[in-house]
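Asks: predicted model follows, preceded by the sequence.
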Amino acid sequence: MQQGGIQPLVLHLTLLVPHRLLVLFSSRSNFIDPLYQHVMSTCSSIEVWRNLFLFPLAVLKQVAYCISNYDWHYFIYQVHLVQIMTTKLLLPSISVACLLLSQLRGVLKLSAMATTSPCVPPSPPPPPGTVSAAYVTCPNEEVARKLAKGLVEGKLAACVNIIPQIKSIYEWQGQIEEDSEVLMMLKTRTTKIPQVTQYVKTYHPYEVCEVISHPIQDGNPDYLSWVTTVVPE
């Protein structure tokens with residue numbers, strides 16, 4: 001469109017969409033910013049027209065609602081109401097409102113294209129065995145929570161699940177013992193297992209604490225990739 005053809009449309013658009021309405025739009029949708037920049041860059045004298053009319057706030061909210069919710073027929077109806085409520089010689093006709101509507105549709109389409117993320121191929125999953133699951137038993141949940149928090153904060157584990165109320169039956173120093181314990185199940189890189197073991201041995205209250213692990217051969221590729229992202233090599 002030629003520059004001369006844009007000027008009348010900019011004037012009509014600014015009369016219909018004053019600054020207060022633009023502010024309302026900006027909190028509802030992402031298409032008004034490029035529209036506003038286009039208007040303000042097209043006509044340097046538009047500042048005078050932009051502040052000339054302050055429509056009733058209730059009307060502006062109605063217009064903002066119907067545009068942000070794509071109710072185009074109701075939008076034209078609201079424009080007609082605005083025309084009735086203001087000086088008839090200073091507002092565009094309903095045909096110009098339809099032209100404005102088509103411009104808004106175009107801006108919406110361009111905005112949607114600009115904000116659509118390009119297709120990015122997913123990253124390949126880590127090789128089998130890169131991630132391991134490890135298990136640690138604790139005397140109570142308080143100990144388990146402290147260990148879990150330290151492991152995650154120290155980047156030794158991506159996630160720790162705490163499973164309460166497990167029953168452990170084992171032999172210790174020639175006696176059969178039966179205890180209520182808490183089980184920690186953590187996911188980390190296989191290469192981090194020695195560091196995990198050392199950390200647990202340092203802060204665990206047991207004389208001989210349980211730390212066992214096994215490499216994960218298969219699983220959700222996205223989850224396994226996340227583990228390797230959270231836990232550095």
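Replies: Ah, there it is. Residues are numbered from 1 along each chain as shown.
Asks: any idea what C138 is bridged to?
Replies: When bridges are called by DSSP bridges, C138 pairs up with V182.
Asks: what's the closest non-adjacent residue to P221?
Replies: Leaving out its chain neighbours, the residue that sits closest to P221 by C-beta to C-beta, 6 or more residues apart in numbering is P125, at 3.4 Å. All C-beta spots, glycine's among them, are computed from the backbone N, C-alpha and C.
Asks: that neighbour belongs to a helix, doesn't it?
Replies: No - per DSSP: H, G, I helix; E, B strand; the rest coil, P125 lies outside any helix segment and is coil.
Asks: residues contacting it?
Replies: By C-beta atoms under 8 Å, 6 or more residues apart in numbering, the contact set of P125 is 221-222, 224-225.
Asks: quick one: which of the residues you listed is most hemmed in?
Replies: Per-residue neighbour counts (other C-beta atoms under 10 Å) across those peak at L224, which has 20 neighbours.
Asks: where does it sit, in terms of helix or strand?
Replies: helix 221-230 (DSSP states H and E).
Asks: which strands and helices lie in contact with that helix?
Replies: On a contact count with 3 or more C-beta pairs under 8 Å, 6 or more residues apart in numbering; DSSP states H and E, helix 221-230 meets strand 131-138, strand 175-189.
Asks: relative orientation of that helix and strand 175-189 in degrees?
Replies: 90 degrees (axes from the mean of the first three to the mean of the last three C-alpha atoms, to 10 degrees).
Asks: what does helix 221-230 contact?
Replies: Identification of contacts with helix 221-230 by C-beta under 8 Å, 6+ apart yields 122-126, 130-131, 155, 158-159, 187-189, 216.
Asks: any idea what the closest residue to S213 other than its chain neighbours is bridged to?
Replies: Distance criterion C-beta to C-beta, 6+ apart; nearest residue to S213, sequence neighbours excluded, is A134 at 3.8 Å. A134 forms beta bridges with L186, S213, as assigned by DSSP bridges.
Asks: quick check: neighbours of the helix or strand harbouring N161 in the sheet, parallel or antiparallel?
Replies: Here N161 is covered by strand 159-172, with elements defined by DSSP H and E. Strand 159-172 has the following sheet partners, assigned by DSSP bridges: strand 175-189 (antiparallel).
Asks: mean confidence (pLDDT) on the helix holding L224, please.
Replies: Average pLDDT, helix 221-230: 95.
Asks: that helix vs strand 131-138, what angle?
Replies: Using the same axes, to 10 degrees: helix 221-230 against strand 131-138 is 70 degrees.
Asks: with only the CA atoms kept, save stretch 189-198 in CSV.
Replies: The C-alpha coordinates for stretch 189-198 follow below in CSV (Å, rounded to 0.1, in the frame of the first residue of the first chain):
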residue,chain,number,x,y,z
ARG,A,189,24.5,-40.1,35.7
THR,A,190,26.2,-43.5,36.0
THR,A,191,29.5,-41.7,36.3
LYS,A,192,28.3,-39.9,39.4
ILE,A,193,27.5,-43.1,41.4
PRO,A,194,30.9,-43.1,43.2
GLN,A,195,30.4,-39.5,44.3
VAL,A,196,26.8,-40.3,45.4
THR,A,197,28.1,-43.3,47.5
GLN,A,198,30.7,-41.2,49.1
